[in-house]
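Colleague: starting from these lines, generate the structure:
(one chain, ligands or ions: 1)
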Amino acid sequence: MTGRDNVLWLQCWRDRQTDFHQTGVNQLLTQFWPNLALAQGSRVFVPLCGKSLDMIWLAKQGHEVIGVELSPLAVRAFFRENRLQPVRRQVGKFTLWKHGRVSILCGDYFSLSKDDLGQIDTVYDRAALTALPEDLRPLYVAQLKLIVQDTTNVFLLTTEDAEEQDTQSQALGVAEEIKTLYSEDFKIDLAHVESVFEVDPKAPDKSPERTEYKVYRLSTRSG
Ligand SMILES: C[S@@+](CC[C@H](N)C(=O)[O-])C[C@H]1O[C@@H](n2cnc3c(N)ncnc32)[C@H](O)[C@@H]1O
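Modeller: Residues are numbered from 1 along each chain as shown. Modelled structure (predicted):
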């Protein structure tokens, strides 16, 4: 199941089909992250990190950032585009690329172990859980719980299709899904919702649809 998906992601990077990549730092991250009041030196895990500039911003806040990314093209692009010269070494099944406070483990998230990752204070998830097909999301969360500590919190940004929620389509909405996947172990706080009418760039003739950008803070129940 994950194998088929991995092939598609690797192909995406080869074909430069990376519309998900943001050319700047995510504004909801810069706006809401400081409320977490994390200590300098806290270790932040960024699953399915791509070449996100958010990692640079997090490192500038004084955090140790550890991303995991399947595609070596993405990892190479991250360091090259930010003019950073990483050192590389093997860590278990992964190649670890590191420069300053940013480390990226290149390999499959589903093969990560707790030892590969070390102690993690907070997880930053933007377009990681929701990038995966619905049938993989429970596995993604189960794996996350295995590889971080039971005191690790999650800061989660989602993009949700409001029309889909309104029409109660057969698919479980993302908000409901987050509740199903996380509520047993985490208190879920929806910290912010931003509603925007957007034209789908792939269907520019269609009328704008309402998209909701949400910030969730998941605090572990055992923290
Ligand atoms: C939608 S992108 C989001 C990237 C990043 N979080 C961002 O905000 O730009 C999802 C990323 O996850 C990576 N990915 C998908 N499956 C993975 C897996 N099993 N292990 C590690 N990375 C994976 C893809 O290569 C892709 O770069």
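Colleague: going by C-alpha atoms from here, please, whenever you check contacts or count neighbours.
Modeller: Fine.
Colleague: can you tell me the closest non-neighbouring residue to Val68?
Modeller: The spatial neighbour of Val68 that comes closest, neighbours along the chain excluded (Cα to Cα, 6 or more residues apart in numbering), is Leu105 at 4.7 Å.
Colleague: that neighbour bridge partners, please.
Modeller: Val68, Leu96 (DSSP bridges).
Colleague: distance of it from Gly67?
Modeller: 6 Å (Cα to Cα, to the nearest Å).
Colleague: who's more crowded, those two?
Modeller: Leu105 (30 against 26; other Cα atoms under 10 Å).
Colleague: correct me if wrong: that one contacts Gly92.
Modeller: No: Leu105 lies out of contact with Gly92 (Cα atoms under 8 Å); the separation is 10.0 Å.
Colleague: and Leu36, what does it touch?
Modeller: By Cα atoms under 8 Å, 6 or more residues apart in numbering, Leu36 lies in contact with nothing.
Colleague: what values do phi and psi take at it?
Modeller: Main-chain torsions, Leu36, degrees, to the nearest 10: phi -70, psi -20.
Colleague: this structure: strands as residue ranges?
Modeller: 43-46, 64-69, 87-91, 94-99, 102-106, 122-126, 153-161, 186-198, 209-220 (DSSP state E).
Colleague: out of those, nearest to the ligand?
Modeller: strand 64-69 (3.8 Å; Cα to the nearest ligand atom).
Colleague: got the angle between that closest one and strand 102-106?
Modeller: 20 degrees (axes from the mean of the first three to the mean of the last three Cα atoms, to 10 degrees).
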